[in-house]
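# Coordinates for the following, if possible.
(one chain, ligands or ions: 3)
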Amino acid sequence: MSSRAAVHRPTRVLLVEDSAFDARVARALLLDQPGEFFDFQWARSLDEALRSLEHERFDVVLLDLTLPDSSGLSTLRRLRAAAADTPIVIMTGSDDRDLAVNALKSGAQDFVVKGIRDRRLLARALRYAIERNRTLQLLQLARERERFLASHDSLTSLSNRPIFLDRLEHAMQAATRHGTQVAVLFLDIDRFKELNDTLGHATGDAVLQLVANVLRGAVRKNDTPARFGGDEFAVILEDLVDGRDATRVAREIAHRLGRPQLALDHEVFVTISIGIALFPRDGSTAEELVRKADTAMYHRKEAGRDGYAFFSAKLDAAARRDLELEGELRDAVARGQLTCHFQPQVDVERGCLIGAEALARWHHARLGWIGPDEFVAIAERRGLIVPMGAHVIELACAAARSWPLLDGRPLRVAVNVTARQVVHGDFVGSVQRALDQHQLEPERLELEITESSLMEERGGGIEALSELRERGVRVAIDDFGTGYSCLGALKRLPVDAIKIDQSFVRGLFDESADAAIVNSIIELAHQLDLETMAEGVETQAQREFLQSHGCRFMQGYLFGRPVPAEAFLRELSKERERAQLGVPAPHVLRRCS
Ligand code: C2E
Ligand code: MG
Ligand code: MG
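Ligands and ions are numbered 1, 2, ... in the order given. So this is what the prediction gives:
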């Protein structure tokens, strides 16, 4: 509609006046306005006015307070109750000023005194009343929005963290009074960062909204879903009998998410990890419950994502240990408390040792040896992976340099790296420096990286690895088969070898499909002209199966456990002596030939 048309729309006036004479006067005054149009509905009583308001909207009500069926302020109140948004202008007699003032206090927009026959005055009063009313409404909307935004997340319209904590306090008090329980669910979308990076932020936002809607749909009316920021959500479930109710909601959320969803134009498959803490069992303050639900969520992630976990004291102990280790890892790196153990890698076809994998170890003053499964993740979280990783490469190169030739052949050393370490800092430079410093041929260094790690950094590490590979350094995909197993991508990756994950080797003789998987991995590797190394080989039967299916390289307790650098060196020296003296091969090699 054009603005001209809008200007010419007549102003709809509900004239509530029992006196036909006064009504006629008002009407005459208003109809005689240059450039302004009024359109009237005349009601002679309050009852009639109320009925009109039921069926029609008016721009303004012109009201005489003294009517046959109502008088004074109660007329105004009842009218306002029926049409709160419509501005009201009171018509009073000249002796009714007090009433008029009270009417203004009770919500009338303005008043006009009957008998003043100024045609502009009445029209102006109506116009101003309409405008003032509109401004007030806009202000009120703005205030409401401000209040809403202060307590809600603007993207999903869910409650925000402060409001959530406030509600949780109330829920806990109510539960104490009623002898019921409260559950706090802490939710985190799995691999959200990856999704965001791949499909873009707009799709990421759509996924967050989608999850918010799923939460809204999965909980009861008086439960509170909230967004804490990023991809973290939380839910309060009130009035529970026991933890099973929380389980039901967690399952319902997973079920609703459990099919491909449309986010903008993309079909996405969203999963979520949920941690659950219960009041009063797990904590006595809102903050504590949230922290414990968070701990449980974190453990759920570690255990393989997509599902829920309840908080338990055991988890708490693990979380505390994590926290303690987090605080000390930086010092450990600086003080050189990180060392490497070395585990032999063998060529079963030739029956000889080809090198060793360097496995990081932290010797903690009080806790003893701590394994990489625990501290590598901490190093990543704490941003220590780059210096820690560089230190391990240093140690590995230094060790390899000290190893004697076996049968005239140099041994290689394999080092585990994570994509984050490769992507951040000057990875190529730091590897080259380590090689130079210890005068190690690049061919003697192999970098092991997991598929999932490589995929998670969206290819950022691939360039660095390609460059190192051009300089002669070898690259292997670690734990193959457990991550995305993106076979298509494998062709494009700068890779020399793949390491079959030990979980498949362990399951070779179970009824599972592991044997078939191992077979197809070996076949695939051959087709792509890659070496295969099986990890975690513990029994002769496993070795035979693998070898007969074409896997030439192996590593595992059958051939040797990881040992400190000095012990590994001693083994090598003994082996060399034995070889020189023509003594039969030591146990390592007997087992592989
Ligand atoms: P990985 O690279 O797959 O290393 C093999 C793991 O399996 C090692 O555990 C090794 O001790 C263990 N293992 C070897 N043979 C056998 C066997 O026959 N049976 C069984 N049950 N286990 C066997 P570890 O040393 O605890 O290392 C765990 C993971 O930590 C490694 O898995 C690797 O992904 C990571 N890691 C180790 N050192 C480093 C490092 O310096 N940097 C980084 N980023 N990650 C590392
Ligand atoms: Mg490895
Ligand atoms: Mg592995």
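
# Get me the contact residues on this protein for ligand 1.
With the criterion set to C-beta under 6 Å from any ligand atom, the chain comes near ligand 1 through 343, 359-360, 371-373, 376, 389, 392, 416-418, 448, 478-479, 502, 535-538, 555-557, 562. Heads up, the C-betas are built off the backbone N, CA and C, glycines and all.

# from those residues, which ones fall inside strands?
Applying DSSP state E to these, the entries found in strands are 343, 359-360, 416, 448, 478-479, 555.

# And these, which is the shakiest by pLDDT?
For these, the weakest pLDDT value sits at residue 479, with 89.

# Go ahead and confirm it touches residue 501.
Yes - Residue 479 is in contact with residue 501 according to C-beta atoms under 8 Å; the separation is 4.3 Å.

# Find residues that contact each of the two.
Contact criterion C-beta atoms under 8 Å, 6 or more residues apart in numbering; residues bridging residue 479 and residue 501 by contacting each: residue 535.

# shaky segments in the stretch 351-500 of the chain?
Within the stretch 351-500 of the chain, the set of residues satisfying pLDDT under 70 comprises 455-460, 483-489.

# one more time with 90, if that's ok
Within the stretch 351-500 of the chain, the stretches with pLDDT under 90 are 351-352, 363-369, 373-374, 377-384, 406-408, 419-420, 423-425, 450-463, 479-494.

# all helices of it, in order?
With DSSP state H, counting those that start in this stretch as the criterion, the stretch 351-500 of the chain has helices at 372-381, 385-402, 419-423, 427-437, 451-456, 462-470, 487-492.

# Show me what counts as buried in the second one.
Residues 385-401 are the ones in helix 385-402 that count as buried (16 or more other C-beta atoms under 10 Å).

# on that earlier part again, save the helices of the stretch 351-500 of the chain as TSV, and put in distance to residue 196 too.
Rendered in TSV, the data for the helices of the stretch 351-500 of the chain read as follows (distance: least, C-beta to C-beta, whole Å):
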stretch	distance to residue 196
helix 372-381	18
helix 385-402	21
helix 419-423	17
helix 427-437	24
helix 451-456	12
helix 462-470	20
helix 487-492	20
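
# deepest of those, which one?
helix 419-423 (a mean of 23; mean count of other C-beta atoms under 10 Å).

# Check which helices and strands it sits against.
When contacts are defined as 3 or more C-beta pairs under 8 Å, 6 or more residues apart in numbering; DSSP states H and E, helix 419-423 packs onto helix 385-402, helix 451-456, helix 462-470.

# Quickly note the distance from residue 320 to ligand 2.
29 Å (C-beta to the ion, to the nearest Å).

# just use 34 as the starting number from now, easier for me
With 34 as the first residue, the last one maps to residue 353.

# Contacts for stretch 529-537 next, please.
Contacts of stretch 529-537 with the rest of the structure, by C-beta under 8 Å, 6+ apart, involve 479, 481, 502, 507-515, 523, 547, 550-551, 554-555, 558, 563-569, 584, 586, 588-589.

# So among those residues, which ones count as buried?
Once neighbours are counted (16+ other C-beta under 10 Å), the buried part of the contacts of stretch 529-537 comes down to 479, 481, 502, 507-514, 523, 547, 550-551, 554-555, 558, 563-569, 584, 586, 588-589.

# Give me the phi and psi for the residue nearest the centre of the chain.
For the chain, the residue nearest the mean C-alpha position is residue 264 (2.5 Å; C-alpha atoms, centre = their mean). When read as degrees, to the nearest 10, the backbone of residue 264 gives phi -110, psi 30.

# Where is the longest helix in the chain?
The helix that spans the most residues within the chain, counting by DSSP state H, is helix 152-184.

# list the buried ones in it?
Within helix 152-184, the residues that qualify as buried are 155-156, 158-159, 162-163, 166, counting by 16+ other C-beta under 10 Å.

# residue of the stretch 34-183 of the chain with the smallest distance to ligand 1?
Going by C-beta to the nearest ligand atom, ligand 1 is nearest to residue 182 of the stretch 34-183 of the chain, at 42.9 Å.

# how far away is that residue from residue 176?
In this view, residue 182 and residue 176 are 11 Å apart by C-beta to C-beta, to the nearest Å.

# next one: residue 268
Between residue 268 and residue 176 the distance, using C-beta to C-beta, works out to 29 Å.

# ok so, going back, pLDDT score assigned to the residue of the stretch 34-183 of the chain closest to ligand 1?
Note on residue 182: pLDDT of 84.
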